[in-house]
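> task: produce atomic coordinates for the following.
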Amino acid sequence: DDIDLWASNSYSTIDGIFIDEVTNRWPNKKFDSIQAAVSFYPNIVDYVLDNKMYNRAVLNPGSFYHEAITEKYHGDTRVITIIYESTQDLYQPQETTGQTCADLLWCKPSLGCTPPEPLFSQGIWCRMVRSYDAIEPVKKLMDDGDILAEQTAVLIHGALDDEYLTKEAVRLARENNAAWIWITTDTLPNPWDEYPTERVLNSLVDAVVTSSTNTMCHKATTKTKSLFQVDSFP
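Below you'll find the model as predicted:
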């Protein structure tokens with residue numbers, strides 16, 4: 001019913017649907033499962049793209065998801081998944097808080113757990129523990145290009161009003177094979193209802209536009225106001 005409402009003539013300028021609260025890689029077993037997610041979400045995406053003829057479906061687990069949920073859409077740039085929706089200090093801890101990614105891990109020697117080496121660096125994977133968190137399958141698909149960079153998005157909130165950090169966030173997204181990015185200085189409880197500061201917005205646009213000689217900057221409206229896409233990678 002919600003999709004049908006947005007597809008009505010009253011909202012004829014909308015060209016995509018944002019699907020929030022998607023199951024992540026670690027579903028709550030009390031009410032969810034990967035099996036249920038794999039059968040549920042593709043039906044919604046198919047309805048958005050094929051029945052309602054929208055040009056884009058954005059899935060938001062806000063974190064790492066199970067690759068089987070989007071398997072039939074790998075290579076289809078109409079389907080975008082948000083793999084990171086969190087604060088800048090967890091994405092770029094070194095420059096924002098002086099911590100390292102190792103400091104942020106749930107598995108660390110001080111807690112009686114030794115994380116496998118090498119540890120991930122700043123960016124999308126910073127807080128992930130190899131093997132334990134089981135993110136290797138989706139990461140490999142991204143690294144190998146089966147999941148295209150144009151199919152992955154990063155949403156950063158609580159950002160500092162800083163040009164360098166903003167441009168570095170874009171570089172890290174590109175390095176992690178994510179072509180869509182939005183960065184805002186807005187904060188919780190609702191970090192998506194205000195635009196970022198002028199410095200951050202201008203730095204974001206500049207970083208996206210200048211990150212490749214073959215880059216174009218596209219803007220897609222979502223609940224976050226806008227997402228910016230880096231089209232191509234050198």
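
> neighbouring strands - and their directions - for the helix or strand where residue 57 lies?
Under the criterion of DSSP states H and E, residue 57 resides in strand 56-59. Here strand 56-59 is paired, per DSSP bridges, with strand 16-19 (parallel), strand 79-87 (parallel).

> let me see the mean pLDDT of it.
Mean per-residue pLDDT for strand 56-59: 96.

> now do the residue lying farthest from the centre of the chain, the pLDDT please.
In the chain, the greatest distance from the average C-alpha position (C-alpha atoms, centre = their mean) is reached by residue 112, at 31.1 Å. Looking at residue 112, its pLDDT reads 95.

> what do you get for residue 217?
46.

> repeat for the one 4 residues further on
In the predicted model, residue 221 carries a pLDDT score of 46.

> residue 232 too?
Value listed for residue 232 in the pLDDT field: 40.

> what does residue 138 give?
The model's pLDDT for residue 138 equals 97.

> check contacts around it.
The contact partners of residue 138, by C-beta atoms under 8 Å, 6 or more residues apart in numbering, come to 25, 64-67, 147. Any C-beta I mention is one placed from the backbone N, CA and C, and that applies to glycine too.

> could you give the angle of the helix or strand in which it is found to strand 79-87?
Using DSSP H and E, residue 138 sits within helix 136-144. Angle of helix 136-144 versus strand 79-87, following axes from the mean of the first three to the mean of the last three C-alpha atoms, to 10 degrees, is 110 degrees.

> look up how far residue 106 lies from the residue farthest from the centre of the chain.
Residue 112 sits 12 Å away from residue 106, going by C-beta to C-beta, to the nearest Å.
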